[in-house]
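**Student:** Give me a model of this one.
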Amino acid sequence: ELKNDLAEMKDELSQSQALVEELLLKLNHSKAEAANSITHLAESHNRVTELEASLAKAKEQQSEMEDKDAQLVDTQRQLEQSEADLADAVLKLAESQGHVADLKSDLVTKSEVEQAE
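**Tutor:** Residues are numbered from 1 along each chain as shown. Model (predicted):
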């Protein structure tokens with residue numbers, strides 16, 4: 001009977017060892033999967049970091065473009081003001097030329113009157 005008990009215990013021990021080996025295999029497989037997941041997570045994190053840097057650069061470029069647009073609007077406004085100033089100057093020049101023509105006409109008339117006397 002002791003031999004039977006011993007044989008049963010050996011059999012149970014063998015089953016337990018087989019179960020432990022199976023569990024160790026599963027544990028190693030789970031470790032490998034966890035390592036793969038960590039690697040994938042690190043790669044994803046790196047990609048997110050790259051995308052964040054790209055987004056920051058794009059925002060900076062957008063800000064620069066907005067600044068340039070504002071400068072362009074200001075330059076356009078200055079150009080329009082310069083055109084208005086030029087138009088005023090041309091109008092004043094025309095008026096001045098009209099006054100000069102009137103003065104010449106007056107001088108010619110005065111000169112003719114003086115010659116006639």
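
**Student:** Where do the helices of this protein begin and end?
**Tutor:** Assigned by DSSP state H, the helices in the chain fall at 2-116.

**Student:** Taking the centroid of it, which residue is nearest it?
**Tutor:** Centroid check for the chain by C-alpha atoms, centre = their mean gives Ala58 as the closest residue, at 2.0 Å.

**Student:** and the gap between that residue and Asp106?
**Tutor:** In this view, Ala58 and Asp106 are 71 Å apart by C-beta to C-beta, to the nearest Å. For glycine as for every other residue, the C-beta is placed from the backbone atoms N, C-alpha and C.

**Student:** Asn4 too?
**Tutor:** 150 Å.

**Student:** Pull out the CA atoms of stretch 34-51 and give them to me as PDB.
**Tutor:** C-alpha atoms of stretch 34-51 as PDB (Å, rounded to 0.1, in the frame of the first residue of the first chain):
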ATOM      1  CA  ALA A  34       4.100  42.300 -22.900                       C
ATOM      2  CA  ALA A  35       7.500  43.100 -24.300                       C
ATOM      3  CA  ASN A  36       6.000  43.500 -27.800                       C
ATOM      4  CA  SER A  37       3.300  45.700 -26.400                       C
ATOM      5  CA  ILE A  38       5.800  47.900 -24.600                       C
ATOM      6  CA  THR A  39       7.900  48.200 -27.800                       C
ATOM      7  CA  HIS A  40       4.700  49.100 -29.800                       C
ATOM      8  CA  LEU A  41       3.800  51.600 -27.100                       C
ATOM      9  CA  ALA A  42       7.200  53.200 -27.200                       C
ATOM     10  CA  GLU A  43       7.000  53.500 -31.000                       C
ATOM     11  CA  SER A  44       3.600  55.000 -30.800                       C
ATOM     12  CA  HIS A  45       4.800  57.500 -28.100                       C
ATOM     13  CA  ASN A  46       7.700  58.500 -30.400                       C
ATOM     14  CA  ARG A  47       5.300  59.000 -33.300                       C
ATOM     15  CA  VAL A  48       3.000  61.100 -31.100                       C
ATOM     16  CA  THR A  49       6.100  63.200 -30.100                       C
ATOM     17  CA  GLU A  50       7.000  63.700 -33.700                       C
ATOM     18  CA  LEU A  51       3.400  64.700 -34.600                       C
END
